[in-house]
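>>> when you get a sec, could you give me coordinates for this:
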Amino acid sequence: MIKPPRQRWLLVLVAILLLTNIATLSIYWFKKPDRDGGFGRDREKRMGQFLVDQMKFDTAQEAAYWKLRDSIIVIQKPVMDSIRNAKKRFFDLLKQPDATDSMLTARSNEIGVLQKRLDSVTFRHFQKVRAICRPDQLQKFDTVIKEIVNRMTPFRRKLGGDSSMKK
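Model prediction:
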């Protein structure tokens, strides 16, 4: 009985590894991404759970928090949808070669008003969450809220410090 050469086994092994790599990569490539770019319910739940975990809420506080969280999401969603639509209308002005500065200003002011509304709603929400904290949790809340706000504004990169401080 003749033994096949070792190179043939190595070639088969490389082919198997290549096929498994292709299969793995195709799973990642063809997997449907989240409709909202990763800002969906799972992310909302993780952000909420982060606060619960950090604050070490008791059962009553946690129940009150999730009730507040559900109500804020119902309020925020239409405002966020309006901001998204306002930004689409703003950038649709690129298609108009005769877009004036007053048109840009009007559309950007619309975005600003909606963003202001969203920020006010979010601020009031965090006030209510702070109100359910015990006195011994308030300092921790104030620290944790800074991290949450940083997570809510991912586009602000720290390049050698806070860019607002350089002005």
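>>> ok, Val79 to Met152 distance?
Distance, Val79 to Met152, by C-beta to C-beta, to the nearest Å: 14 Å. The way it works is simple: take the backbone N, C-alpha and C, and place the C-beta from them, glycine included.
>>> can you give me how far the helix or strand where Tyr65 lies is from the chain middle?
Here Tyr65 sits within helix 59-92, counting by DSSP states H and E. Distance of helix 59-92 from its chain centroid, counting by C-alpha atoms, centre = their mean, to the nearest Å, is 12 Å.
>>> quick check: closest non-adjacent residue to Met55.
Excluding the flanking residues, the one nearest Met55 by C-beta to C-beta, 6 or more residues apart in numbering is Gln137, at 5.6 Å.
>>> revised request: answer the last question for Glu44.
Leaving out its chain neighbours, the residue that sits closest to Glu44 by C-beta to C-beta, 6+ apart is Ile73, at 6.4 Å.
>>> was I right about that neighbour contacting Met47?
No. Applying C-beta atoms under 8 Å as the test, Ile73 and Met47 come out as separate, 10.7 Å apart.
>>> and the residue nearest to Lys140 when sequence neighbours are not counted, how far from Ile72?
Nearest residue to Lys140 in three dimensions, chain neighbours excluded: Met55, at 6.2 Å (C-beta to C-beta, 6+ apart). For Met55, the distance to Ile72 equals 16 Å [C-beta to C-beta].
>>> give me the more crowded residue out of Val79 and Met152.
Val79 (17 against 11; other C-beta atoms under 10 Å).
>>> show me what contacts that one?
By C-beta atoms under 8 Å, 6 or more residues apart in numbering, the contact set of Val79 is 114, 117-118, 121.
>>> helices or strands next to the worst-scoring helix or strand of the chain on mean pLDDT in the packing?
Ranked by mean pLDDT, DSSP states H and E, the helix or strand of the chain with the weakest confidence is helix 41-55, at a mean of 80. Applying 3 or more C-beta pairs under 8 Å, 6 or more residues apart in numbering; DSSP states H and E, one finds that helix 41-55 contacts helix 59-92, helix 138-152.
>>> tilt between the longest one and helix 41-55?
Right, the one you point to is helix 59-92. 140 degrees (axes from the mean of the first three to the mean of the last three C-alpha atoms, to 10 degrees).
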